[in-house]
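> Need coordinates for the following:
(2 chains)
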Amino acid sequence: MSDFSEELARPGSEDGQVETSVVSGTGMHFPWLWKHLDTVATRGKKKKDFAQTTGACLSLIQEALLKQRWQQAAEYMHSYLQTLEDSDSNKKQMAPEIIWKLGSEILFYHPKSSVKTFSAFADQMKNVGVLNYLKISLQHALYLIHHGMLEDAHRNLSQAETWRYGEKSSSQETLINLVQAYKGLLEYYSWSKKKMELSQCDKDDYAYSTEARNTFRHSWKTSVNFSSLIKTPGVWDPFVKSYVEMLEFHGDRDGARKVLTNYAYDKKFPSNPNAHIYLYSFLKRVRAPRAELLRALQILYQIVPSHKLMLEFHTLLRRSDREEHRKLGLGVLFGLLDFAGCTKNITAWKYLASYLRQILMQNHLGWVQEEWKSRRNWWPTFHFSYFWAKSDWKEDKDLAYEKAFVAGMLLGKGTASRCEMTNPYGLICISLKFGAV
Amino acid sequence: MDFPSSLPPSLFMTGPLGSSDVPDLSFMCSWRDALTLPESPPQNCKIAAPNSATALLWEPSMPGPLPLLPPCPDPWDPGVTAQDLLFRGGFHYRRQPQVVLDVTEQLSRFLWDHGDIAFAPLGKMMLENFKLEGGRNRSKKMTVVSAKKLLQDLGGHQPWGCPWAYLSHRLRRFSIVGGPVLGKSVSHLLGRLLHEELATRWEQLLLDEAFTGGALAWLPGRTSQVGQLVYPAGGALDRLCFQEVSLPSGGDPQVLGDPGCIQLQGPVRQVVTSTVQGETLLAVRSDYHCAVWKVGKQRRPATLQVLRVEKGATGISLSPHLPGELAVCSRSGAVCLWTPQNGLQQVYKDPETLVFRDPSSWRWADFTAHPRVLTVGDRTGVKMVDTQGPPGCGLLLFRAGAEASCQKGERVLLTQYLRQSDPESLPPTLHLVCTQFSLYLVDERLPLVPMLKWNHGLPSPALLAHLLPPAHPGSPQPLFLGGLGGQVQLLHITGKEPSAPRLAGPPQSLPSSADSLSAFPLLEPKSQKQLQERLEAPTIGLASAFPPCASTPAVWLFQLSAAGDIFYQRLTLQAASSFHRDEEPPSDPGPDSPAPSVPPMDPRPTPSWTSQATACCSRWLEALLQVPPAAPVWAAPTFSHRRLLGRLEPREVEGKVLQGLRAAMAGGQLLQQRDLGLLPSAEPPPAPEPGPQDELSERLEEAWAGQGTAWCKRQQGKISISEPGKQAKRPKRRSQLSSTFSSLTSCLDLPETSSSPHSLERTTSEARLQPPVTPYSQESARQTPQDNMVELPLPKDTPTSRHVATPPSQASSVQAMPSQRSTPGSWPQRKRPRMGF
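Next up, the predicted model:
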């Protein structure tokens, strides 16, 4: 009962939390502590009836939601609204958030609810307790976007953008930035729609130039919406992507590069692989020098060595004049094939087979040995086991051939008698030879 | 591998738990996850049907799970509760209620029940200060007290807990003089130990981490319809069983034959299985041991290796990449990579926790998408450690802090690598992190930023999780999340390679075994309570079988309870229930009437019990009621100090009582008051068990009639009869709690061990392993020969020989238990010097 509202307690409100450190000294919070305490509390002040009924109602709603009985949940919700009248100020403050959370969940899934119902509920909830205005507006807008009502969502966000309450706190600031960014995203949608229409128009038309100018101005206005949010640390993939696209259209390549570089290299941001991928694809679009491309990919290689762009990285390195690049090219392939999700990547095996051949011909046996040293004790069972030899042969002969070639080079080809011990792919190697003959 | 091309927006803040006022963007609604931002600007006005997610529903075929196997023949005791541990008086509903361990009551209980343990050493020491025999004290020493006088004053009545009881001068003097000595030594030493013990018990009650990961596993068989359940059985959960089960597509699961058993020397805490490259391995974690078996083609397990973990093992996991590789972690903070061929390789060791200081010594380790990288977890976070890199370094994958917008007091309870074999499923880089509040999915390619967060709200610690492959290619994957209290939540997770993982619909709660109570016939209160306790036993294992060839996708979910019972339920994927959202006219708007006044329409009828199910339950119940109640681990001795003092002539009444008692004990009959002829026959038969209130009213009535003294005399007689009975009936929980103290006395008196039957046969010589000394319980350690840890099940083709081989040893071990335990009657025979307090 009460443990649920306990869980909903926002990080800031610690009044309702139970101090257990007296006993355990761990500082760990147990949501089920109340259940134990309730069995013990035989004497003393009981909870008020009001708190009991609202608590019971809350747990019934939760149960109905988890059983996906929306109708039942809606009926209980009807009664639960009394919690807004709670005399406990702490609970009263928390109530709108709980009601919004549960109510929106019910209305989202309820078979008889409609966008209109949802919007009416959201509009009322925004004004119950001032603190949730921005959050609810944002979610309401998301709901509208999801239902394809972009204009309504835009209107909603524009309203929320101008909302202020009391002293401007940092969380309010972030939320307003988010609201603006989502608004910008909506504008970006309409902008790119227009751009598409424009691309179908005749370029010499008079209408085209005015339209183009309008679009131009529009994009300029929108970009302001994004710029404040993407300075805040976070994952802002959709915003950055559209912002960059608009900047590029505007011709502001330096601006776009700055945004992407900041997004990728700012230490305060999480190491988001997408940031580097966006930067790399931007650099590719603007035909940046190879060194820059390599630098972008090298960082991606350090973060996600299993990414499919690593194959591209490999080909870039392979074509490089510098020896250390070509050496790294081998490491990239080995690194990619280390991962469980890449074991059947036939392109990678193909690249590795051909590159191994090339390297050995260029007398760089040391490179291979270096890479192989750390993999010697587990690659044979991971890649070149009997099981895989058999199943690869059955499922994908090309893959089996490539792997057999690599295995032959790394493990030694092995004769028919020896192959059992060392290289199960030996048999395939032999059949490969016969096939070649 | 491809990375999601666009991740959902989220804030990233660094900082401690619950510190920042960062707006929680997710707001913890399940529907928020359904809102994906359109990748490209939406072309048409209507985006994909919003309710496609709602169609996802795994409907249980019964209102609750049903028992799969007959109940475990060993009695089960639910153990201590909060009532036993916490201070009951004066608890107020304050905003910040304090949890206070009731040490005083436990201490007085202990002194009362185990006075011999508490005072015997002291009595020995003070022996010269007491004069036991003889009449007058002629030594004239002030330091010698006559025990006879003291006992006479006590008069056989010990005014426990009664401040108004009459105390003689002598007694008072003795207690004042002896008090400091008695009080200090006993209460200081015992109090400290007891407090420690109570705190441990209380912590265990709040969070029993031993079963993290679960002790139940499903081994798929040759066909998809047949498989094996691997689970611990027996009262001590120390017998590992392999039960073959067939799952017909439509009917109930059928148990094929008797289970094969392996007797271990400690309780099984975790069972893991994994099939890599066609080789199935089974790993088991006990408190201080880990073992790994290879399951052969004939489904026969063969021991590979047993590992002893000095400080206690907390987690074990099998590699999904390389056959025969395991990760083991111990309470010392060490994580090792374990291969039966090459032995142990320490990967990580840090007695401190990862992110901030937390006293818990729980550690966890699992594998990642890279076969040489492990995750190391503790209560504060999860780290990825390269086994080939320099020791100690690694990247934090999850931090209990502001990054994942964790609450204050939030701790990691379980981490799991969500291994994937199917390319049509989620990417193989996802890790599940469960805390007491939320569930997180973290991608190892983007550490610290959870891809998905769901506030599960389970009312018990979520220690069990199980991800299943998708029902159809491309459909969401069901993820079971089980709480120790039996609650199971089912989440639908979707997100193939190019998109981020998200919830594909509202999570579902599944019935727990406590919901099955309605399938059982109504019983008399005592049996009903027994049944209820049994059904509400903590869930310590979760397994599921997913026969893929069925026409309608169905999942079998098995749950293992701490009492050793296995319950099953069948879930079928519901065909898209029709939600005509767009065709329906908008219902009555307005937030305060979200429920339109239409008759309640539930698209799904609630499942009901079939006659087969109730019959199955009745059969199970019959077997359960034949299980004897848990024998008290220890019962208070019922010795009489009067035997010590020969000259104290027993009173007449008592002589009669004793005679009657002896006669009844010899005949094994129930002793009733009228058998002793104490009560006048004219008195109406008393109510079944006269409580103190009845006594009071009786006394008042008598006093009103002027017969107060007569009643008192009568009552005195009664007390002396009912005393032994009362002591035997003393709640077993407390005595069980205090049983831990029997370890203190083990040096004083060890029961004769030569009489216990050693009849465990050795079936195979290969099965003999290192002699592990398991401090699980002293009884079992005494019974089993130390070098006989593992008994392998015999081949399937000789079922009779297996019957012969294993059961006698088990039967003997089971039957040996009560004989080891001291019954009230057996105590007086043992002669020990003790004081008579």
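> count of residues packed around B:Ala120?
18 (other CB atoms under 10 Å in any protein chain shown). Every residue, glycine included, has its C-beta placed from N, CA and C.
> swap that for B:Thr380, please
A total of 23 residues lie near B:Thr380 under the criterion other CB under 10 Å.
> can you tell me how far it sits from chain A?
Counting by CB to the nearest CB, to the nearest Å, the separation of B:Thr380 from chain A is 10 Å.
> who touches that residue in this structure?
B:Thr380 makes contact with B:Thr353, B:Leu354, B:Val355, B:Phe356, B:Asp358, B:Arg399, B:Ala400, B:Arg411, B:Val412, according to CB atoms under 8 Å, 6 or more residues apart in numbering or on different chains.
> With A:Tyr355 instead?
Shown in contact with A:Tyr355 (CB under 8 Å, 6+ apart): A:His314, A:Arg318, A:Gly329, A:Leu330, A:Leu333.
> tell me, which of these make contact with chain B?
Counting by CB under 8 Å from any CB of the partner chain, nothing from these sits close to chain B.
> Keep only those of those that are in helices.
By the criterion of DSSP state H, membership of those in helices covers A:His314, A:Arg318, A:Gly329, A:Leu330, A:Leu333.
> quick one, phi psi at B:Gly324?
When quoted as degrees, to the nearest 10, the phi and psi of B:Gly324 stand at phi 80, psi 20.
> ok, it touching B:Asn342?
No. Between B:Gly324 and B:Asn342 there is no contact under CB atoms under 8 Å: 9.5 Å.
> Partner strands of the strand or helix carrying B:Ile493 and their direction?
Counting by DSSP states H and E, the element that carries B:Ile493 is strand B:488-494. Under the criterion DSSP bridges, strand B:488-494 sits next to strand B:477-483 (antiparallel), strand B:502-503 (antiparallel), strand B:508-510 (antiparallel) in its sheet.
> For those, which has the smallest mean pLDDT value?
For the strands paired with strand B:488-494, mean pLDDT drops lowest on strand B:502-503, to a mean of 84.
> so what pLDDT did residue 119 get?
Just so you know, I chose chain A. The predicted structure scores A:Ser119 at 90 on the pLDDT scale.
> ah, no, chain B please
The predicted local distance difference test score for B:Phe119 is 75.
> okay, the strands paired with strand B:488-494 in JSON lines with mean neighbour count and distance to B:Gly260 next?
Shown next, in JSON lines, are the strands paired with strand B:488-494 (neighbours: other CB atoms under 10 Å in any protein chain shown; distance: least, CB to CB, whole Å):
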{"stretch": "strand B:477-483", "mean neighbour count": "24", "distance to B:Gly260": "26"}
{"stretch": "strand B:502-503", "mean neighbour count": "24", "distance to B:Gly260": "40"}
{"stretch": "strand B:508-510", "mean neighbour count": "21", "distance to B:Gly260": "30"}
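> pLDDT weak spots in the stretch 201-350 of chain A?
For the stretch 201-350 of chain A, the stretches flagged by pLDDT under 70 are A:201-208, A:211, A:215-216, A:218-220.
> could you pull out the strands for it?
Assignment of strands within the stretch 201-350 of chain A using DSSP state E, counting those that start in this stretch yields the ranges A:234-235.
> That one: helices as residue ranges?
Applying DSSP state H, counting those that start in this stretch to the stretch 201-350 of chain A gives helices spanning A:206-229, A:237-250, A:253-265, A:273-285, A:290-303, A:309-318, A:323-337, A:346-361.
> what's near enough to touch the spatially closest residue to A:His110 that is not a sequence neighbour?
Counting by CB to CB, 6 or more residues apart in numbering or on different chains, A:His110 lies nearest to A:Trp70, which is 4.2 Å off, once chain neighbours are set aside. Taking CB under 8 Å, 6+ apart as the criterion, A:Trp70 is in contact with A:Ala64, A:Ile106, A:Tyr109, A:His110, A:Pro111.
> and A:Trp70, how far is that from B:Gly457?
Noted for A:Trp70: a distance of 18 Å to B:Gly457, by CB to CB, to the nearest Å.
> just A:Leu297 next, same as before
43 Å.
> A:His314 too?
When CB to CB is applied, the distance between A:His314 and B:Gly457 equals 47 Å.
> cool, B:Ala705 as well?
Counting by CB to CB, the separation of B:Ala705 from B:Gly457 is 61 Å.
> and if you look at B:Asp238?
With CB to CB as the criterion, B:Asp238 and B:Gly457 are 34 Å apart.
> what residue ranges in the stretch 601-750 of chain B are flagged as low confidence?
Judged by pLDDT under 70, the stretches of the stretch 601-750 of chain B that qualify are B:601-605, B:630-655, B:671-694, B:715-750.
> Quick one: residues contacting residue 240.
Assuming you mean chain A. Contact analysis of A:Val240 by CB under 8 Å, 6+ apart lists A:Phe226, A:Ile230, A:Val259, A:Leu260, A:Tyr263, A:Ala275, A:Tyr278.
> wait, chain B
For B:Leu240, the contacting residues are B:Val230, B:Tyr231, B:Pro232, B:Ala233, B:Cys261, B:Ile262, B:Leu264, B:Val268, B:Val271, B:Val284, taking CB under 8 Å, 6+ apart as the criterion.
> Identify the bridge partners of the fourth one.
Spelled out, it's B:Ala233. Beta-bridge partners of B:Ala233, as defined by DSSP bridges: B:Arg239.
> That one touches B:Cys261, doesn't it?
Yes. Counting by CB under 8 Å, B:Ala233 touches B:Cys261, with 7.4 Å between them.
> Quick one, grab the pLDDT at B:Asp116.
Confidence at B:Asp116, expressed as pLDDT, is 76.
> count of neighbours near it?
Neighbour count of B:Asp116, defined by other CB under 10 Å: 21.
> Confirm that it sits in a strand.
No. Checked against DSSP: H, G, I helix; E, B strand; the rest coil, B:Asp116 lies outside a strand; its state is helix.
> Would you mark the buried spots in stretch B:201-211?
The neighbour-count criterion (16 or more other CB atoms under 10 Å in any protein chain shown) identifies B:Arg201, B:Trp202, B:Glu203, B:Leu205, B:Leu206, B:Leu207, B:Asp208, B:Glu209, B:Ala210, B:Phe211 as the buried residues of stretch B:201-211.
> how long is it from one end to the other?
One end of stretch B:201-211 to the other measures 15 Å (CA to CA, to the nearest Å).
> Would it count as contacting chain A?
Yes. Against chain A, stretch B:201-211 shows contacts by CB under 8 Å from any CB at B:Trp202, B:Glu203, B:Leu205, B:Leu206, B:Leu207.
> Let's test this: mean pLDDT of that stretch, rounded?
Model confidence over stretch B:201-211, given as mean pLDDT, is 89.
> swap in stretch A:383-402?
The predicted model gives stretch A:383-402 an average pLDDT of 89.
> buried ones in it?
Result for stretch A:383-402 [16+ other CB under 10 Å]: buried residues A:383-386, A:388-393, A:399-402.
> quick one, which of B:Ala705 and B:Gly457 is more surrounded?
When B:Ala705 and B:Gly457 are compared on other CB under 10 Å, the one with more neighbours turns out to be B:Gly457, at 22 against 10.
> Can you check the pLDDT for the more buried one?
The predicted local distance difference test score for B:Gly457 is 86.
> wait, isn't it in contact with A:Glu63?
No. In this structure, B:Gly457 is not within contact of A:Glu63 by CB under 8 Å, at 10.5 Å.
> Chain A versus B:Pro371, what's the distance?
Applying CB to the nearest CB, the value for B:Pro371 to chain A is 6 Å.
> For that residue, which non-adjacent residue is closest in space?
B:His321 (4.0 Å).
> Could you do B:Pro301 as well?
For B:Pro301, the nearest residue in space outside its immediate sequence neighbours is B:Trp293; the separation is 3.9 Å by CB to CB, 6+ apart.
> Run through the residues that contact A:Trp349.
With contact taken as CB under 8 Å, 6+ apart, A:Trp349 is in contact with A:Leu337, A:Leu399, A:Glu402, A:Lys403, A:Val406.
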